[in-house]
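Participant: next come a sequence and a model predicted from it.
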Amino acid sequence: MKLTTKGHYSVKALLDLTLQPNYGPTSVKSIATRQSIPAPYLEKLLIEMRKAGLVQSMRGSQGGYQLARQPGKISLGQILAAVGETIEPLSGYEANIEQGEDWVTFSLWKRLHQKLKDALYSITLAELYYDARSWEASRGQETSFIV
């Protein structure tokens with residue numbers, strides 16, 4: 001599975017929000033600049049993630065977006081689902097199964113799909129954050145955290 005730009009940008013944006021003191025709000029422009037994401041596109045992604053309950057928006061001069069809950073309570077699967085990413089490789093295939101051999105293949109892929117889905121929903125934003133921090137530290141980089 002490869003993340004599309006939409007999924008990649010969504011994860012980058014939420015990882016950026018984990019850096020904010022007390023997970024406070026930050027502007028779309030700030031996130032877009034730090035993560036090299038086009039601001040209008042980022043705004044659309046954040047609106048989708050707000051509708052899914054992953055982020056909340058704050059109005060005013062100190063406003064912006066912030067995480068709606070702790071990073072350990074947000075999964076990679078939730079992020080991807082919020083922006084319409086799918087890992088459904090089997091749609092329509094079941095109707096075309098005519099031979100037992102095809103059924104075995106379908107059954108195998110169905111089980112693998114479920115395992116992948118389970119894994120995506122078990123990986124939290126907090127884990128991704130610490131993985132990225134560890135990777136930067138292992139390379140001797142300051143943890144500026146451009147994902």
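Facilitator: Looks like it came in fine. Numbering: from 1, shown residues only.
Participant: name the residues of the longest helix along the chain that are buried.
Facilitator: Secondary structure of the chain read by DSSP state H shows that its longest helix is helix 100-122. By neighbour count on 16 or more other Cβ atoms under 10 Å, the buried set for helix 100-122 is Leu120. The way it works is simple: take the backbone N, C-alpha and C, and place the C-beta from them, glycine included.
Participant: same thing with stretch 60-68?
Facilitator: For stretch 60-68, using 16+ other Cβ under 10 Å, the buried residues are 64-68.
Participant: now do stretch 5-21: distance to the chain's middle.
Facilitator: From the chain centre to the centre of stretch 5-21 is a distance of 7 Å (Cα atoms, centre = their mean, to the nearest Å).
Participant: average pLDDT for it?
Facilitator: Average pLDDT, stretch 5-21: 91.
Participant: in that stretch, what's buried?
Facilitator: Within stretch 5-21, the residues that qualify as buried are 6-7, 9-18, 20, counting by 16+ other Cβ under 10 Å.
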